[in-house]
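*Asks:* my questions are about this predicted structure, shown below with the sequence.
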Amino acid sequence: MKIRSVVAAVALASPMASVAGAQEAETVAKNFEATIPNIPGKSLVAVEVTYPPRAASPAHTHAKSAFIYAYVISGSIESQVNDGETRIYQAGESWSEEPGATHSVSRNASETEPAKLLAVFVLDTGDNPLTTPLE
């Protein structure tokens, strides 16, 4: 009985012990993709990014040619691009990212409600991957 108590105490103290406290990841789903017929070599790609409560994306960059327009569909998203201010965007608000930008903060600003954004990329056709985590 005493050994079980010691093992349980060690397991609870371990950082790997609590799966319930683990942060969930965002999900990304392609919403639309097409070449732009009057701009040779360019495409438009739209993705929906869904964040459970407390979820965050790692710091990242996007395809080198990508100009991005991000629109918050629901909830609130905390975002920082390059060395700009960290800001919380509410549903209906938006921001843009220039080609080559670093997206250092991108997360759900709520600990209890989900959030969703639409990211629209205008980029060179075939410029992949859309997102690359920073190491």
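*Replies:* Structure received.
*Asks:* from A46, how far out is the residue lying closest to Y51 once chain neighbours are set aside?
*Replies:* Spatial nearest neighbour of Y51, excluding adjacent residues (Cβ to Cβ, 6 or more residues apart in numbering): N108 at 3.7 Å. Quick note: C-beta positions are derived from backbone N, CA and C, even for glycine. For N108, the distance to A46 equals 20 Å [Cβ to Cβ, to the nearest Å].
*Asks:* quick one: the strands in the protein, in order.
*Replies:* Taking DSSP state E, the strands of the chain run over residues 27-35, 42-51, 60-62, 67-74, 76-81, 87-90, 94-97, 102-108, 115-124, 131-133.
*Asks:* name the residues that touch the last one?
*Replies:* Meaning strand 131-133. With Cβ atoms under 8 Å, 6 or more residues apart in numbering as the test, strand 131-133 has contacts from V28, P58, A59, H60, T61, H62.
*Asks:* same thing but 10 Å
*Replies:* Contacts with strand 131-133, where a contact means Cβ atoms under 10 Å, 6 or more residues apart in numbering, come from 28, 47, 49, 57-64, 66, 103, 106, 119, 121.
*Asks:* and these, which is closest to V81?
*Replies:* Using Cβ to Cβ, H103 is the member of the contacts of strand 131-133 that lies nearest V81, at 5.6 Å.
*Asks:* neighbours around the closest one, how many?
*Replies:* 21 (other Cβ atoms under 10 Å).
*Asks:* partner residues bridging it?
*Replies:* H60, V81 (DSSP bridges).
*Asks:* check contacts around it.
*Replies:* Counted by Cβ under 10 Å, 6+ apart, H103 has contacts 57-62, 68, 70, 79-82, 97, 119, 131, 134.
*Asks:* kindly recompute the last result at 7 Å.
*Replies:* A59, H60, V81, E97 (Cβ atoms under 7 Å, 6 or more residues apart in numbering).
*Asks:* the second one and P129 touch, don't they?
*Replies:* No - judged on Cβ atoms under 7 Å, H60 makes no contact with P129 at a distance of 9.9 Å.
*Asks:* of the two, who's got more company?
*Replies:* H60 (16 against 10).
*Asks:* ok, what's across the strand from F32?
*Replies:* Here F32, judged by DSSP bridges, has bridge partners A46.
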